[in-house]
Structure formats: C-alpha cells, structure tokens
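sequence and predicted structure are below.
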Amino acid sequence: MNITVQKTTFPNMTLYHQLKSDTTEAKRVLLICFLTGFYPKEISVEWKEDKKPLGGSPVVSNMEGEDKKFSQTSQVDVDVEKWLSGSEYTCKVTQNTDPKELSTSVCSIQKTTFPNMTLYHQLRSEPTEAKRVSLICFLTGFYPKEISVEWKEDKKPFGGSPVVSNMEGEDKKFSQTSQVDVDIKKWISGSEYTCKVTQKNDSKELSVSICSITPPSSQTAELFLIGPPLQDTRKQKGLPFVCLLVGFDTSYFTISWKVNGTTRQTEPPNRNDNGTETVRSTFNVNSSDWRAGSQITCEARHLCSDKPLERHLLKAKDRRPPTVKIMAPFDSELVKSGNATLLCVVSDLFPSQAEVHWELNGERLPPSRYTSGPPLRISGSSSYAMHSWLQVPESDQAEGEYSCVVRHESSDMPVNSHISNVFAISPPQAALLQFSKGLICLVHGFSPAAINVTWLLNGRTELLESNTSDVSRGADGRFSLWSHLQVSWEPGALYTCRVAHVTKTLNLSKSQPEISTENEYFNENTHDPSSVDSPEEIWNTVYAFVILFLVTLLYSVISTLVLIK
C-alpha cells in the first residue's frame with residue numbers, strides 16, 4: 001500500500017473592503033480577508049487596527065476544494081468614520097510558525113490629495129461702519145476628509161472659534177471652508193492672519209493682511225507743506241503750518257510733525273467732507289522756534305510702506321525780492337467781446353512763499369476776480385516761480401492801469417508790475433519815408449497787435465520783396481513795426497504801403513515824377529535856395545525818425561525778453 005503525504009502550502013491572500021450601503025448612509029465598512037489554496041486546514045487569522053489588535057469577532061467561513069486544499073474568508077465590520085479618517089487595517093495569517101500580513105486603508109485605495117488653498121477677506125459692511133472682518137480659508141479637492149486647520153494672528157495662535165463647513169464632491173474628494181472674524185482695528189493696523197492646513201505629516205500656510213492686498217499705487221501720494229501766511233509771521237503766538245496729502249487712497253496714512261527732527265504731533269489724517277482723496281493737517285509752531293531757524297517737517301507714512309514722505313520748511317536767510325511782470329491778453333481776447341485774462345508771472349522767488357493781489361487804478365480788486373497758483377521750484381535753481389490770473393469782464397475793460405502786487409518777506413514794501421491801456425483799441429498811424437533806393441513804412445500807436453502790411457505797385461500788383469519787422473509793444477501798451485521795400489524808381493511808378501488793422505485801413509503812396517523841362521534847365525538867378533531843403537537836412541530828419549523808432553523797438557524787445565525770462 002502506498003501512502004502519499006501532501007506538502008504544506010501557504011495560502012494566497014486577498015484583502016478588500018465593501019461599504020454596506022451608499023457612502024452618505026453607511027455607518028460600517030466590511031473588510032474581507034480571502035485565503036485560498038492552503039494546506040493543511042489549520043491556520044490562524046488575526047485582525048489589527050492601526051497596528052493594534054482589533055476588538056470584535058470575525059466571521060469565518062471555510063471551504064475544501066477537489067484538490068484537497070482549503071479556502072477561508074474572515075470578515076470584520078469597522079466604523080466608517082475611522083475608515084474615512086485613514087485608519088489602517090491589517091489581516092495577519094499564521095500557518096505553523098510562518099506569518100504573513102496584508103494591510104488596507106482608505107488611503108491605499110484612493111491617493112492622498114492635499115487641498116488647494118485660497119484665502120480672502122470680506123468686510124461685513126462699508127469700511128466706515130464695519131467692526132469685524134471675515135477671513136475665509138477655502139480648501140478644495142483634498143482626500144481623505146480628515147484635515148486640520150489652524151489660524152494664527154501675527155504668527156501666534158488665534159483665539160477665535162472658526163466656523164467650519166464641509167462638502168463632498170462627485171469625485172469623492174472633499175472641500176472645506178474655515179471662517180474667522182477679526183477686529184477691524186487690528187486688521188487696519190496691519191496685523192497678519194495665517195491659515196495653516198495640516199494633512200497627516202504635510203502642512204502648508206497661507207497669509208493675508210491689509211498690506212498684502214493694498215496695491216503699490218495706493219501706498220504713495222504727493223505731499224505739500226505750506227508755511228504760515230505772511231501776515232501771520234509777525235505774530236507772537238503760534239504760526240499755522242499746513243500739510244496737504246494727495247493720493248489715490250489716503251485711508252492708511254499717518255501724518256507726523258517734527259521740529260528739528262523731534263516728533264511733536266502724530267495724527268491720522270482727516271478726510272475731506274466731499275470724499276476727495278486730499279487730506280489736510282495743521283500744526284501750530286511757536287513763532288520763536290520759527291524765527292530761530294528751526295526746521296519744520298511734515299512726514300506722511302503709509303501703514304504698508306517703510307519709506308515715509310517728508311517735506312521741510314526752514315526760515316530762509318538768503319531772501320531775494322522777486323521779479324514781477326504782467327503779460328497782456330492775446331489779441332484774440334482783445335478783439336472779440338467777452339472776458340479777457342491778464343497773467344502775472346512772479347519769478348526769482350526765494351523763499352517760495354508770497355502773497356499776490358491785483359489792483360486797478362490803485363484800488364484793490366476782490367479775490368474772486370483772480371486765481372494764484374502755488375510756488376513751483378525752477379529746475380536747476382534754488383528759486384521758485386508762481387503765476388496769478390486776473391479775469392477781466394468786458395464791462396471793466398476800460399482804459400486804466402492794472403497792477404500785480406506781490407508781498408514777500410524779503411522786503412516790507414511790495415513789488416509791483418503795471419500795465420496801462422491794455423484793453424484800449426487804437427487805430428494805427430503811419431509814415432512813408434522815401435530813399436534813393438527804397439521806401440520805409442513806419443506804423444505805430446495801434447492796438448491790438450494784429451496787423452497786416454502789404455506793398456502795391458500802381459495800386460494793383462502786390463510786391464513780395466518787402467522786409468517787415470516783428471510787432472513790438474511800447475511803454476504805453478500800443479504797438480509798432482516797420483516795413484522796407486527796395487525799389488528801382490521808374491518815372492510815373494506809384495508805390496503804396498497798405499496798412500490793414502481791425503480799426504481802419506491806411507494807404508500811403510509815393511511816386512517818382514517825370515523829369516520836367518524846369519528841372520532840365522536850372523536858373524540859379526530865379527531859384528530860391530531857402531525854399532528847398534538840403535539833402536543833409538532831409539537825411540538828418542530821416543535819421544532822427546528812424547533812431548527814435550529803433551529805440552522804441554529795442555525797448556520793446558528787451559521788455560519782452562525780460563518778461564519771457
């Protein structure tokens with residue numbers, strides 16, 4: 001008789017899970033350890049949860065195959081919350097002294113995915129009314145569900161209680177929002193808030209603050225420092241200094257005042273009632289400090305910027321009287337009816353502060369009639385310049401003297417500039433001078449300056465070879481010019497200088513007469529020498545007239561150049 005001994009065979013192991021119902025309803029998860037093809041029948045199965053023995057009684061089922069080998073299933077029920085939290089479950093099989101383990105978890109079935117993070121803020125209401133700011137940490141697309149969210153304020157644990165909301169998507173991945181409310185005072189003071197997310201051993205932080213959401217364009221502004229009015233500088237009490245801050249958003253600026261570098265006053269700027277982005281801060285300085293040469297500083301600092309804006313004022317020692325000039329209106333304003341404008345240019349101004357007013361015939365005009373701009377530093381110079389515009393209505397455009405009066409600390413007396421008869425409309429006067437080789441047409445005393453001078457031959461043909469000067473303004477406010485025409489005298493030719501002005505048109509003519517018999521035969525016995533001017537006398541008269549005209553022209557050119565400067 002033959003006896004066959006069957007060899008010991010270790011089982012093939014399969015471990016899988018099964019939800020008892022839909023995920024949203026299941027409370028238990030069924031884990032099944034399936035062992036096949038082992039021999040002999042005696043075998044030990046042990047279950048573990050996170051490497052610790054799992055309580056409960058497994059359900060065991062044994063089967064024997066035709067090949068005399070055995071199969072077995074061992075199943076346990078585990079809590080779905082622990083399953084979804086990522087707990088690891090192990091099926092340990094021992095045959096004789098030979099053990100083998102097979103583990104499973106929700107993470108081994110579906111890959112762990114770290115959430116996408118978004119952090120944003122939301123004011124409860126308008127900034128002027130809100131007392132709290134909501135910070136929301138939005139996490140999406142993570143797996144498994146178990147995740148930790150921690151809030152920090154300036155890198156320290158935040159004491160508030162977050163409001164948490166969880167969601168599960170169709171792709172079996174999860175989303176969560178964690179929301180905290182923070183004090184708006186801490187928010188606008190620049191505190192930084194951090195949302196820290198931890199999933200197993202992986203963590204990530206996302207931070208937000210008012211500075212991280214404030215664009216660079218809102219962190220800068222223009223700063224202007226204005227000293228006390230001239231009439232106040234002689235007072236013995238406090239002198240008012242004004243700081244103007246202009247920008248896109250001035251909400252988070254703080255203005256500080258310093259005297260010789262020492263901070264005397266710090267305040268948040270007050271917004272204008274009309275909602276504009278210009279803020280004003282006033283600081284009173286002791287007059288003794290100002291006269292002693294103390295430096296006054298206005299500093300504007302944005303909450304999110306480490307570069308403050310500064311402007312300084314120091315009572316100047318090198319004081320220079322300004323240059324004042326009035327520029328007349330454009331001809332278009334003089335000719336047409338309506339309002340006209342006089343411009344006062346104040347240059348070579350140091351220090352920059354000055355007061356400007358206008359007078360008509362010695363009477364001060366109301367401030368509503370004129371507008372003065374701020375002093376502006378001249379590029380490449382220590383001096384300043386400013387402008388003042390006087391609106392002159394048509395009803396006041398009578399002849400008279402307008403004065404631009406500038407008061408400056410360089411002198412107890414004001415600096416004046418005058419202009420007379422600026423609105424007077426005067427017709428031109430003209431003289432036509434004859435030379436052996438040409439004609440000169442002198443035109444003067446006209447206003448406004450727009451004028452046209454043309455030359456005609458025999459009243460019909462326009463001559464283009466003339467040379468006409470620029471129009472110049474005289475001391476009386478009226479204008480002049482000259483025009484020269486080179487001619488070849490022909491008997492009977494008539495040359496005309498035509499002067500066209502808005503007030504009138506003048507025609508001045510000269511001709512070379514035919515040579516007569518009387519001129520061919522000169523009788524020195526009957527001719528009276530005293531009745532004829534000598535050539536020297538004629539030329540002396542011409543030279544005197546031309547010299548006076550050129551002097552007037554030169555004066556006007558110099559005045560214009562000084563005014564432009």
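Right, received. Where do you want to start?

spell out which residues make up each domain of this structure.
12-109, 116-208, 217-313, 323-420, 425-515+547-565 (automatic domain parsing).

ok, residue 204 touching residue 119?
No - the pair residue 204 / residue 119 is not scored as a contact, 11.0 Å apart, by C-beta atoms under 8 Å. Backbone N, C-alpha and C define where each C-beta goes, glycine included.

between those two, which has more neighbouring residues?
Taking neighbours as other C-beta atoms under 10 Å, residue 204 and residue 119 compare with residue 119 leading, 18 against 13.

residue ranges in the chain under the pLDDT threshold?
Within the chain, the stretches with pLDDT under 70 are 1-4, 20-26, 124-130, 233-236, 266-276, 331-338, 398, 513-565.

what ranges does it have for its helices?
With helices called from DSSP state H, the chain shows them at 80-84, 106-109, 184-188, 287-291, 331-335, 517-520, 535-564.

how about TSV for the domains of the chain, with distance to residue 5 added?
Listed next are the domains of the chain as TSV, based on distance: least, C-beta to C-beta, whole Å:
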stretch	distance to residue 5
domain 12-109	11
domain 116-208	50
domain 217-313	86
domain 323-420	111
domain 425-515+547-565	125
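
out of those domains, which gets nearest to residue 6?
Taking C-beta to C-beta, domain 12-109 is the member of the domains of the chain nearest to residue 6, at 5.7 Å.

okay, and the beta partners of residue 442?
residue 431, residue 482 (DSSP bridges).

any idea how many residues pack against it?
Neighbour number of residue 442 under other C-beta under 10 Å is 19.

hmm, it is touching residue 433, no?
Yes - with contacts counted by C-beta under 8 Å, residue 442 reaches residue 433, the gap being 6.8 Å.

just list whatever residues bridge to residue 16.
Note on residue 16: beta-bridge partners by DSSP bridges are residue 32.

I'd say residue 372 and residue 388 touch.
Yes - using C-beta under 8 Å, residue 372 is in contact with residue 388, at 4.2 Å.

between these two, which one's more packed in?
Using other C-beta under 10 Å, the more surrounded residue of residue 372 and residue 388 is residue 388, with 22 against 19.

so the more buried one bridges to which residues?
Going by DSSP bridges, residue 388 forms beta bridges with residue 344, residue 372.

that one touches residue 370, doesn't it?
Yes - if you go by C-beta under 8 Å, residue 388 and residue 370 touch, sitting 5.7 Å apart.

any common contacting residues for the two?
356, 358 (C-beta atoms under 8 Å, 6 or more residues apart in numbering).

just the endpoints, please. Distance across stretch 193-207?
Using C-alpha to C-alpha, to the nearest Å, one end of stretch 193-207 lies 5 Å from the other.

identify all contacting residues around stretch 302-311.
Applying C-beta under 8 Å, 6+ apart, the set of residues contacting stretch 302-311 from outside is 188-190, 210-211, 214, 219-221, 223-225, 243, 245, 252-254, 297-301.

and if we set it to 6 Å?
Stretch 302-311 is contacted from outside by 190, 211, 214, 219, 223, 225, 252-253, 297-301, using C-beta atoms under 6 Å, 6 or more residues apart in numbering.

now list the buried members of those.
214, 219, 223, 225, 252-253, 297-301 (16 or more other C-beta atoms under 10 Å).

among those, name the ones in strands.
When DSSP state E is applied, these are split such that 223, 225, 253, 297-301 fall in strands.

any chance of the contacts of stretch 302-311 in a markdown table, plus distance to residue 494?
Listed next are those as a markdown table, based on distance: C-beta to C-beta, whole Å:
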| residue | distance to residue 494 |
| --- | --- |
| 190 | 90 |
| 211 | 86 |
| 214 | 82 |
| 219 | 78 |
| 223 | 71 |
| 225 | 71 |
| 252 | 82 |
| 253 | 78 |
| 297 | 77 |
| 298 | 75 |
| 299 | 79 |
| 300 | 76 |
| 301 | 82 |
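
show me the contacts for the closest residue to residue 33 other than its chain neighbours.
Leaving aside its sequence neighbours, residue 33 sits nearest to residue 91 (C-beta to C-beta, 6 or more residues apart in numbering; 3.6 Å). By C-beta under 6 Å, 6+ apart, the contact set of residue 91 is 15, 33, 102.

verify the stated contact: the first one with residue 31.
No - counting by C-beta atoms under 6 Å, residue 15 stays clear of residue 31, with 7.1 Å between them.

who has more neighbours, the two?
Taking neighbours as other C-beta under 10 Å, residue 15 and residue 31 compare with residue 31 leading, 23 against 18.

OK, contacts around the more buried one?
Each residue near residue 31 by C-beta under 6 Å, 6+ apart is listed here: 17, 76, 89.

rerun at 8 Å
With C-beta under 8 Å, 6+ apart, residue 31 has these contacts: 15-17, 47, 75-78, 89, 91, 104.

same question for residue 153.
159, 182, 186, 191-194.

highest neighbour count among these?
Counting neighbours by other C-beta under 10 Å, residue 193 leads the contacts of residue 153 with 24 neighbours.

tell me what that one is bridged to.
Beta-bridge partners for residue 193, by DSSP bridges, are residue 153, residue 208.

distance to residue 344 for the buried ones among the contacts of stretch 302-311 - can I get that in a markdown table?
Shown next, in a markdown table, are the buried ones among the contacts of stretch 302-311 (distance: C-beta to C-beta, whole Å):
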| residue | distance to residue 344 |
| --- | --- |
| 214 | 43 |
| 219 | 38 |
| 223 | 27 |
| 225 | 24 |
| 252 | 40 |
| 253 | 35 |
| 297 | 31 |
| 298 | 29 |
| 299 | 34 |
| 300 | 32 |
| 301 | 38 |
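
pick the one among the residues you listed closest to residue 365.
Nearest to residue 365 among the buried ones among the contacts of stretch 302-311, with distances taken as C-beta to C-beta, is residue 225, at 29.1 Å.

next up, the contacts around the closest one.
241-244, 296, 298, 311-313.

for residue 366, state which of these is nearest.
Nearest member of the contacts of residue 225 to residue 366, counting by C-beta to C-beta, is residue 242, at 23.3 Å.

list the contacts of residue 200.
86, 112.

and it, how close does it get to residue 280?
Residue 200 sits 57 Å away from residue 280, going by C-beta to C-beta, to the nearest Å.

which strand residues bridge residue 384?
residue 349, residue 377.

pretty sure it contacts residue 408?
No - distance between residue 384 and residue 408: 10.7 Å, which falls outside the contact criterion (C-beta under 8 Å).

which residues do the two both contact?
What both residue 384 and residue 408 touch, as defined by C-beta under 8 Å, 6+ apart, is the set residue 349.

who has more neighbours, those two?
Using other C-beta under 10 Å as the criterion, residue 384 and residue 408 rank with residue 408 on top: 24 against 20.
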